[in-house]
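Participant: Based on what follows, work out the 3D shape:
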Amino acid sequence: MADVRDILDIEVPTTPEVTKEAIFGGDKKNRKKYEYKVPKRPEGMHREVFALLCKDNNEVPPLFPTDTGKGYKQTKAKLGMRKVRPWKWTPFTNPARTDGAVFHHWRRVADAGKEYPFAKFNKKVPIPSYTDGEYVQHLVTSGWTRSETDHLFDLCRRFDLRFIIIRDRWDRNKFPDRSVEDLKERYYQVCAALTRAKSHNDKVYTFDAEHEKRRKEQLKKLFDRTPEQVEEEQTLLAELRKIEQRKKERDRKTQDLQKLITAADHQVDSRKTERKSTKKNNSSNRNRPAKVDSANVSFVLNSHCYFSTGACRSLMIFSITNNFQVVESAGIKFPDFKNSGVSLRSQRIKLPSSLGQKKMKSIEQMLTELHLELNPPPTEQICQQFNELRSDIVLHYELKGALATCDYELQSLRHQYEALAPGKTLTIPPSLLPKVIPEVKADIIDVVGSPSIPNVTQ
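Facilitator: Now for the predicted structure:
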């Protein structure tokens, strides 16, 4: 209840709570009166923070964590029987100093004579040294004198290879002014020559001063850019990401189209083989091929889309380069019933649920226009040919949709070109335009006469 009152910011009631001891009574002698008053939480302070600052027994929170399990307070001091270790005010010297200064501090008598404990942090970079003979034999170079090289190595030992400070402390009255790259190049050149001469090791570090200068120049140009240049760079990077994304999308659609064409071309021989085997033994092959052949593709394109083969391939290439929608499937893939057991032949003509409602409606509409039954008798020959017919209908539906998309995008590009270049007209090759063939209506001559229409003689 105390937590609920604390959350709702309700003060503790002054009336005493009804407890078991209040009802049945208790030993008043052994009990001590303890009045606990919950301090009010300041306004705006979270409950968790207030719980850290003020606990139930009004103790101050510990300054550091403890692992004793008894809190940070000890009720009784634990005094041992051992004597206290003696300490002594002793002098000491720091090995990092070269002036021999003597300091004093308190130290245990048992640790007398040991090295100064902080001397282990005195780390220095090993700087190589050379003799007169080694300099004459290996280190002589144009542009640097012996005194100048000695001055460089002296500064390197003093400042631990901090070349920015070394260049600042360079004696420009005696020697010509040197850049940081020149100082580093000379130092590493001397170190490499000494390593080759003493250890005969060719694996040495080589400092490229020209590369370092070019790198700093590029960094300076990058730092000196104006806000307009930064914004332009961000815009170009965003456009680059869009171009890469469009390129990946075009590559994916190109692969899908290539799979469609390859699958259609490779089914020619398999369809012929299946037809021959069907004539020999109708019951030997009960599975329909997964995809249609190129002959059906050509028939659909020439009969329904009114495109020649060359125009169709040109249109496909045009759709690849202009990010058009590509047909990803070819026909219907019916399930195979190769498992052992009894199955109905009517299940072979059942459309898969993954086909989609639009394609199912288009199949029903086309079958209705062809005056065919939606569920014909499932004989062996009818099942195979009915499935092939519906697969061709789906392929025709997909190619027709792809053709409409290509034609729409082609017209859109023509309008965009005319909008960007006023006064000019984009001429589309005739091979890319659909050839509209007018419907040919046959003349019906009623010779016998219909029962509902009387014959008219002139």
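Participant: Would you map the helices across the protein?
Facilitator: 2-7, 20-24, 47-53, 132-134, 146-159, 163-168, 180-199, 209-223, 227-280, 294-300, 309-321, 357-369, 380-420 (DSSP state H).
Participant: Tell me which of those sits nearest to Lys120.
Facilitator: helix 146-159 (20.6 Å; CB to CB). In short, each C-beta sits where N, CA and C put it, glycine included.
Participant: mind exporting the closest one as PDB, just the C-alpha atoms?
Facilitator: Below are the C-alpha coordinates for helix 146-159, written out as PDB (Å, rounded to 0.1, in the frame of the first residue of the first chain):
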ATOM      1  CA  ARG A 146      75.700  16.200 -40.500                       C
ATOM      2  CA  SER A 147      74.900  19.000 -38.000                       C
ATOM      3  CA  GLU A 148      71.300  19.200 -39.300                       C
ATOM      4  CA  THR A 149      70.800  15.500 -38.900                       C
ATOM      5  CA  ASP A 150      72.200  15.500 -35.400                       C
ATOM      6  CA  HIS A 151      69.900  18.400 -34.500                       C
ATOM      7  CA  LEU A 152      66.900  16.400 -35.800                       C
ATOM      8  CA  PHE A 153      67.700  13.300 -33.800                       C
ATOM      9  CA  ASP A 154      68.400  15.300 -30.700                       C
ATOM     10  CA  LEU A 155      64.900  16.800 -31.000                       C
ATOM     11  CA  CYS A 156      63.400  13.400 -31.600                       C
ATOM     12  CA  ARG A 157      64.900  12.100 -28.400                       C
ATOM     13  CA  ARG A 158      63.700  15.100 -26.400                       C
ATOM     14  CA  PHE A 159      60.100  15.000 -27.700                       C
END
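Participant: what angle do it and helix 180-199 make?
Facilitator: 100 degrees (axes from the mean of the first three to the mean of the last three CA atoms, to 10 degrees).
Participant: Contacts made by helix 146-159 with the rest, please.
Facilitator: Helix 146-159 is contacted by residues 127, 129, 135, 139, 165-166, 169-171, 174-175, 183, 186-187, 190 when judged by CB atoms under 8 Å, 6 or more residues apart in numbering.
Participant: shaky segments in this structure?
Facilitator: 1, 12-38, 54-81, 264, 266-331, 335-342, 434-458 (pLDDT under 70).
Participant: Which residue ranges make up each domain of it?
Facilitator: 1-64, 87-121, 132-223, 236-338+356-432 (automatic domain parsing).
Participant: returning to what we had before: so which of the helices of the chain gets nearest Trp106?
Facilitator: Using CB to CB, those put helix 146-159 closest to Trp106, at 33.6 Å.
Participant: got the buried residues for that closest one?
Facilitator: Across helix 146-159, burial judged by 16 or more other CB atoms under 10 Å covers Glu148, Thr149, His151, Leu152, Phe153, Leu155, Cys156.
Participant: I'd like those as JSON lines, with distance to Met366 appended.
Facilitator: Output for the buried residues of helix 146-159, formatted as JSON lines (distance: CB to CB, whole Å):
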{"residue": "Glu148", "distance to Met366": "94"}
{"residue": "Thr149", "distance to Met366": "93"}
{"residue": "His151", "distance to Met366": "96"}
{"residue": "Leu152", "distance to Met366": "91"}
{"residue": "Phe153", "distance to Met366": "93"}
{"residue": "Leu155", "distance to Met366": "92"}
{"residue": "Cys156", "distance to Met366": "89"}
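Participant: returning to that earlier point: among the contacts of helix 146-159, which ones are buried?
Facilitator: Tyr135, Leu139, Ile166, Trp170, Leu183, Arg186, Tyr187, Val190.
Participant: residues contacting the fifth one?
Facilitator: Put plainly, it is Leu183. Leu152, Phe163, Ile166, Arg167, Trp170.
Participant: Would you check how far apart the closest residue to the second one other than its chain neighbours and Ile243 are?
Facilitator: Among residues not flanking Phe163 along the chain, Val180 sits closest, at 5.1 Å (CB to CB, 6 or more residues apart in numbering). When distance is defined by CB to CB, to the nearest Å, Val180 is 41 Å away from Ile243.
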